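In: My questions concern the predicted model and sequence given below.
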Amino acid sequence: MRVIVVGAGVVGTMHAWHAVERGHEVVHIERESEARGASLRNFGQIWVSGRAGGEELDTALRARELWEGLGARVPGLGFRPNGSLTPLRTGLELAVAEAALSREDAAARGYELLTADEARALNPALRGDFTAALWCERDAAVEPRTAQLALKAELLGSTRYTYLGGREVREVIGGDAVRDDHGDVHRGDVVVLCTGAWLGGLVRELVPELPVRRVRLQMMQTAPLGEPLTTSVADADSFRYYPAYASEALDALNAGQAQDATAAAHKMQLLMVQREDGGLTIGDTHEYEHPFAFDVLEEPYEHLVRVVESFLGRPLPKIQRRWAGVYAQCTDTSRVVHRQQVRDGVWLVTGPGGRGMTCSPAIAEKTADELGW
């Protein structure tokens, strides 16, 4: 079988990977020379802890297993099973963590409630003020700025893989071909469109009423911390945004402990992970209303700096980079991904939202299984 994959972000790259692994020929087309969208502008976290139960958790756990296997084969991914800690300071926050521990799937996530001393033994960089922490052993991380490049380099070692960068697909021809903006036609047995947040143009022509929206976020990265941050770190505001923590205890937190005004205005939580060079990737905000602002605002960064420094108990290293990114999310946020046959032989796979980096290997595996690759 010859598979045409459009889009070289993490979802598209994983589709190409599964096709090649199953013995098929792949032509991989990307409108930029290399992917430049949400797949690079994220934390690189394989985030199991906050996922909803059922299909979403099953997908995340399967993806976590696949990421670990990929990490063993492709060291350039920078895979590490670092887990995550969510430091807790108030009784309301602690109650949400205790409610999460009572879930039937808590063991599958690797949840454990730690004292402050136990959390600091696990992550000595957390010298700030907190009373307990929720530990999730199944969380992990990769290096988002290099992961696609590492996977592509591995794929290029196969004679069944061809990469065509700098080509925007403009037309689907029948059910077996696409035409790019160079005028070249690429034929195959199946076409898979993994276009990420690029939802206009060809995608809109194929699916005028696509149930997917775009979401904008802001992030930053610091100079090296100078010591290991041995786990990923979240703050208790993350409880408000991840479905795994839905409970009466969360209702009480929302009613009785208001978010910081800046955090509420920008729909913020703290997520933080250390990069291989020692720097910290820190975020994030959420913006849903179109048209998006083009400014990168300072107040959210100032809020994040205060939160991080309160956990570290020390000043944050110099901020070296700030950026914004846009990802595609199903409007029904309970859906893991939007997978739709848009023509005979042509499939669109988009909208995993903040789950893209986490779930992409399992999303692509399911596509391959459903299409009979």
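Out: That came through fine. Bear in mind that the values here come from a model prediction, so they are computed numbers and not experimental data. Numbering: from 1, shown residues only.

In: Looking at stretch 139-148 now, give me its mean pLDDT.
Out: For stretch 139-148, mean pLDDT rounds to 95.

In: what's the spacing between that stretch and its chain's center?
Out: Computed by C-alpha atoms, centre = their mean, to the nearest Å, the chain-centroid distance of stretch 139-148 equals 9 Å.

In: what comes up buried for it?
Out: By neighbour count on 16 or more other C-beta atoms under 10 Å, the buried set for stretch 139-148 is 139-148. C-beta coordinates here come from the backbone N, C-alpha and C atoms, glycine included.

In: cool, and stretch 365-373?
Out: For stretch 365-373, a neighbour-count test (16+ other C-beta under 10 Å) marks 365-368, 371, 373 as buried.

In: Could you do stretch 118-131 as well?
Out: Buried residues in stretch 118-131, counting neighbours by 16+ other C-beta under 10 Å, are found at 119-120, 122-123, 125-126, 128, 130.

In: Pull the most distant pair out of these.
Out: 122 and 128 (14.7 Å; C-beta to C-beta).

In: before we move on, the earlier item: if we only consider the buried residues of stretch 365-373, which is nearest to residue 5?
Out: Taking the buried residues of stretch 365-373 together and measuring to residue 5 by C-beta to C-beta, the closest member is residue 367, at 10.2 Å.

In: Check whether that closest one really touches residue 192, as I assumed.
Out: Yes. Counting by C-beta atoms under 8 Å, residue 367 does reach residue 192; the two are 6.7 Å apart.

In: Identify the contacts common to those two.
Out: 15, 347, 349 (C-beta atoms under 8 Å, 6 or more residues apart in numbering).

In: which one among the residues you listed gets closest to residue 274?
Out: residue 15 (29.4 Å).

In: Buried residues of the helix or strand hosting the closest one, list them for me.
Out: Under the criterion of DSSP states H and E, residue 15 resides in helix 10-21. The neighbour-count check on helix 10-21 (16+ other C-beta under 10 Å) flags 10-20 as buried.

In: Figure out how far it is from the centre of its chain.
Out: Taking mean C-alpha positions (C-alpha atoms, centre = their mean), helix 10-21 and its chain are 16 Å apart.

In: now whichever helix or strand comes after that helix and helix 10-21, what's the angle there?
Out: Remark: after helix 10-21, the chain's next helix or strand is strand 25-30, criterion DSSP H and E. Counting by axes from the mean of the first three to the mean of the last three C-alpha atoms, to 10 degrees, strand 25-30 lies at 160 degrees to helix 10-21.

In: Give the rounded mean pLDDT of strand 25-30.
Out: 98.

In: residues in contact with the nearest residue to residue 219 once chain neighbours are set aside?
Out: Distance criterion C-beta to C-beta, 6 or more residues apart in numbering; nearest residue to residue 219, sequence neighbours excluded, is residue 283 at 3.5 Å. Neighbouring residues of residue 283 by C-beta under 8 Å, 6+ apart: 43, 217-220, 270-271, 304.

In: repeat that with 10 Å
Out: 41-43, 217-221, 268-273, 300-301, 304, 322-325 (C-beta atoms under 10 Å, 6 or more residues apart in numbering).

In: Narrow those to those that are buried.
Out: 41-43, 217-221, 268-273, 300-301, 304, 322, 324-325.

In: Those residues in helices, which ones?
Out: 300-301, 304 (DSSP state H).

In: would CSV of the residues you listed with distance to residue 330 be doable?
Out: Shown next, in CSV, are those (distance: C-beta to C-beta, whole Å):
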residue, distance to residue 330
300, 25
301, 29
304, 27
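
In: what's the closest of these to residue 50?
Out: Looking across these and measuring by C-beta to C-beta, the closest to residue 50 is residue 304, at 18.1 Å.

In: Check the gap between that closest one and residue 213 for me.
Out: 24 Å (C-beta to C-beta, to the nearest Å).

In: Ok, residue 257 next?
Out: With the distance defined as C-beta to C-beta, residue 257 ends up 29 Å from residue 213.

In: Then residue 246?
Out: Counting by C-beta to C-beta, the gap from residue 246 to residue 213 is 21 Å.

In: Same question for residue 302.
Out: Taking C-beta to C-beta, one finds residue 302 at 28 Å from residue 213.

In: what does residue 329 give?
Out: 6 Å.

In: What of residue 175?
Out: 28 Å.

In: Which of those two has more residues huddled nearby?
Out: residue 213 (18 against 15; other C-beta atoms under 10 Å).

In: which residue packs closest to residue 275, ignoring adjacent ones?
Out: Nearest one to residue 275, counting by C-beta to C-beta, 6+ apart, is residue 281 at 6.0 Å.

In: does the residue sitting furthest away from the middle of the chain belong to a helix or a strand, and which?
Out: Computed with C-alpha atoms, centre = their mean, the maximum C-alpha offset from the centroid of the chain is found at residue 183, amounting to 33.6 Å. Element membership for residue 183, per DSSP H and E: none, as it lies in no helix or strand.

In: thinking residue 65 is in contact with residue 81, fair?
Out: No. Contact criterion C-beta atoms under 10 Å: residue 65 and residue 81 do not qualify, at 11.1 Å.

In: Can you pull the residues that touch both of the two?
Out: The contact lists of residue 65 and residue 81 share residue 138, where a contact means C-beta under 10 Å, 6+ apart.

In: For the nearest residue to residue 305 once chain neighbours are set aside, list the residues it contacts.
Out: Using C-beta to C-beta, 6+ apart and skipping the chain neighbours, the partner closest in space to residue 305 is residue 316 (5.4 Å). Going by C-beta under 10 Å, 6+ apart, residue 316 touches 220, 222-223, 225, 280, 282, 304-306, 308-309.
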